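# Sharing a model that was predicted from the sequence below.
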Amino acid sequence: MPLDPLTMLTISVALAAAAALYLAIEWRSIREPSLLFWSAGFATITVGSTLALLRSSGFLFIGIWFANGLLVIAHFLFLLGVARFTQTRLSRVWALMFIAWLAMLLVPDGPTWSKVMLLVNSLLVALSTLRASFLLRPHGKSLSVGAVQLRYVLLAHGVFYVAKALTAVIPGTLIDLAALRGAIIQISLVEGVMAIMLIALSMTGTERYRREKQIAHLAARDPLTALYNRRALEVRAPRLLEDVSSTRPGALLLIDIDNFKLVNDLYGHTAGDRLLIALSEMIRAVLPEASLAARLGGDEFVILLGNATKEQVVSLGNTLREQFQQTATQTFPTPEPVTLSIGADLFDQPPASLAALIEQGDAALYASKRGGRNSIRLVDRTL
Ligand SMILES: Nc1nc2c(ncn2[C@@H]2O[C@H](COP(=O)(O)OP(=O)(O)OP(=O)(O)O)[C@@H](O)[C@H]2O)c(=O)[nH]1
């Protein structure tokens with residue numbers, strides 16, 4: 001049994017209100033501005049659909065003109081939300097949408113103007129929606145499943161509104177906005193209900209996926225240097241270590257700053273932090289593919305290499321040592337030199353565990369410290 005227009009509109013009001021509330025609650029917990037725009041968009045649809053119900057009571061200005069204008073604003077709010085989500089700036093030209101909408105309020109009554117109203121209104125909605133879909137296209141970065149879904153839902157919704165605009169100019173189509181009669185209006189109401197559900201679901205999916213990724217990223221990183229922390233290294237190291245063989249030896253470099261305490265004592269903790277960040281950036285810059293780097297804690301860092309050679313390990317260690325010494329001497333001169341001691345281990349069989357490997361690296365590091373610091377000690381276990 002087909003549902004009558006008033007029932008469809010009532011369903012739209014309920015669904016849009018639920019979506020607005022849900023997105024607002026999500027916003028309260030994660031404070032992501034795009035959620036607020038999307039919530040405001042659904043709240044606007046709630047008000048617009050409620051006003052559209054007044055058509056049956058003869059309130060045509062509020063029930064048609066004003067209600068349709070709110071639909072345009074709602075889609076513009078969706079576009080603003082997508083722009084925030086994709087960190088894009090919208091051109092000021094979009095402000096013309098409001099002028100077009102205000103102009104629609106001046107349109108007189110009558111079937112011809114009814115069509116003009118439908119045409120302009122549909123095109124404005126289509127414009128915002130298609131632009132939002134276009135902003136969600138993949139550009140360099142891969143999109144999450146939720147964002148891809150949102151992109152296609154918006155695209156389908158936008159195409160629907162283009163088609164709706166075209167029907168308004170086809171002669172002979174019955175469009176009675178006042179009485180909510182005509183095939184186009186019936187189809188629109190059904191599409192509207194479906195679109196509200198799909199858009200709201202894909203919006204929440206989009207944000208949730210991004211939040212989960214952010215949480216996973218934060219949990220795996222050292223907050224100061226953004227390198228992996230020890231736990232993240234423990235999770236990722238086994239895959240790299242499994243591939244170690246006599247044809248693809250692995251290597252570990254354990255790096256510790258010499259006399260780091262002096263920087264903290266003489267220049268303050270913030271200066272010490274800056275030096276730790278500088279070292280992490282140097283490490284990132286020299287890190288080959290298929291390798292891992294982490295801050296184990298304090299002034300101790302680790303690099304794990306797959307498919308390494310003795311020459312590569314020594315060269316990488318010495319590059320870091322020289323770069324660091326230069327930076328530390330220039331930025332924070334100290335009575336004792338602030339340098340790097342490195343303990344390295346080259347191996348051609350997967351170690352018993354990461355902890356066992358770090359212990360071996362520790363022994364080499366200790367030897368480097370005892371031998372006068374500012375040096376690299378390599379234990380070659382491939383011989
Ligand atoms: N600025 C800063 N200092 C830290 C941080 N974590 C640990 N430290 C300091 O780093 C120092 C590490 O201690 P040590 O390794 O014994 O100091 P060191 O002077 O480098 O000693 P050697 O390694 O024997 O040369 C301590 O003074 C800690 O307070 C941090 O996140 N930021």
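Perfect, thanks for sending it. Predicted model only: the values in this text are computed from it and were never measured.
# so how far is Thr50 from Ser315?
Counting by CB to CB, to the nearest Å, the gap from Ser315 to Thr50 is 71 Å. All C-beta atoms are positioned from the backbone trio N, CA, C, and that covers glycine.
# So for these two, which sits in the more crowded spot?
Each of Ser315 and Thr50 has its neighbours counted (other CB atoms under 10 Å); Thr50 has more, 18 against 13.
# neighbours of the closest residue to the ligand within the stretch 151-300 of the chain, just the number please.
The nearest approach of the stretch 151-300 of the chain to the ligand comes at Gly272, 2.6 Å away (CB to the nearest ligand atom). Using other CB under 10 Å, Gly272 has 21 other residues around it.
# Ok, the one 3 residues further on next?
Here the count is done by other CB under 10 Å, and Leu275 has 21 residues near it.
# Who are the contact partners of it?
257, 260, 263, 327-328, 331-332, 338 (CB atoms under 8 Å, 6 or more residues apart in numbering).
# 10 Å instead?
257, 260, 263-264, 267, 299, 324, 327-328, 331-332, 338 (CB atoms under 10 Å, 6 or more residues apart in numbering).
# rewinding a little: now the residue of the stretch 151-300 of the chain closest to the ligand, nearest residue through space, not along the chain?
Distance criterion CB to CB, 6 or more residues apart in numbering; nearest residue to Gly272, sequence neighbours excluded, is Asn264 at 4.1 Å.
# At which residues are the helices of this protein located?
For the chain, applying DSSP state H gives helices covering 5-30, 33-52, 60, 67-85, 96-105, 111-135, 145-169, 183-220, 230-242, 260-267, 269-286, 310-331, 354-370.
# And these: which comes nearest Leu252?
Among these, the nearest to Leu252 by CB to CB is helix 354-370 (4.8 Å).
# Convert the C-alpha atoms of the closest one to CSV, please.
Extracted C-alpha coordinates of helix 354-370, given in CSV (Å, rounded to 0.1, in the frame of the first residue of the first chain):
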residue,chain,number,x,y,z
LEU,A,354,62.3,-8.6,20.0
ALA,A,355,63.3,-8.4,23.7
ALA,A,356,66.2,-10.8,23.2
LEU,A,357,67.3,-8.8,20.2
ILE,A,358,67.2,-5.5,22.1
GLU,A,359,69.2,-7.2,24.9
GLN,A,360,71.9,-8.0,22.4
GLY,A,361,71.8,-4.4,21.1
ASP,A,362,72.1,-3.2,24.7
ALA,A,363,75.3,-5.1,25.1
ALA,A,364,76.8,-3.4,22.0
LEU,A,365,75.5,0.0,23.2
TYR,A,366,77.1,-0.5,26.5
ALA,A,367,80.4,-1.3,24.8
SER,A,368,80.1,1.8,22.8
LYS,A,369,79.5,3.9,25.9
ARG,A,370,82.4,2.3,27.7
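# Fine by me, we can end here.
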